[in-house]
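Generate coordinates for the sequence data below:
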Amino acid sequence: ELAVMKDIEGTGNEFVGDFRNGALDFGWDSFDEETKLSKRAIELNNGRAAQMGILALMVHEKLDGNPYIINSLLGSPVAFN
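Predicted coordinates for the structure are as follows:
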């Protein structure tokens, strides 16, 4: 939170986590409130799905000690443990 992801008061942030700080606008202000809520819900669900995917990779690695990303996807037979 040094400079990039800093919530600056008084810059028009609409909700908690809105880090645009009045600088970035990729058409967000042109959406109506219903569309904004829908897009925020979609983004939250995508984040939750990504967290579950990372958790699944971590569980897989702990079950057999074999990192899925390195050994299965990249084809690098590296012995861990």
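
chain center to the longest helix seen in the chain: distance?
Assignment by DSSP state H gives helix 33-64 as the longest helix of the chain. Remark: helix 33-64 is offset 7 Å from the chain centroid, using CA atoms, centre = their mean, to the nearest Å.

tell me what it is packed against?
helix 68 (3 or more CB pairs under 8 Å, 6 or more residues apart in numbering; DSSP states H and E). Bear in mind the C-beta positions are built from the backbone N, C-alpha and C, glycine included.

Look at the residue most central in space within the chain and report its pLDDT.
Closest to where the C-alpha atoms of the chain average out (CA atoms, centre = their mean) is residue 47, at 4.8 Å. Note on residue 47: pLDDT of 93.

ok, now which ones touch residue 28?
Neighbour list for residue 28: 20, 36 [criterion: CB atoms under 8 Å, 6 or more residues apart in numbering].

And it, how far from residue 12?
11 Å (CB to CB, to the nearest Å).

shared neighbours of the two, anything?
With CB under 8 Å, 6+ apart as the test, residue 28 and residue 12 both reach residue 20.
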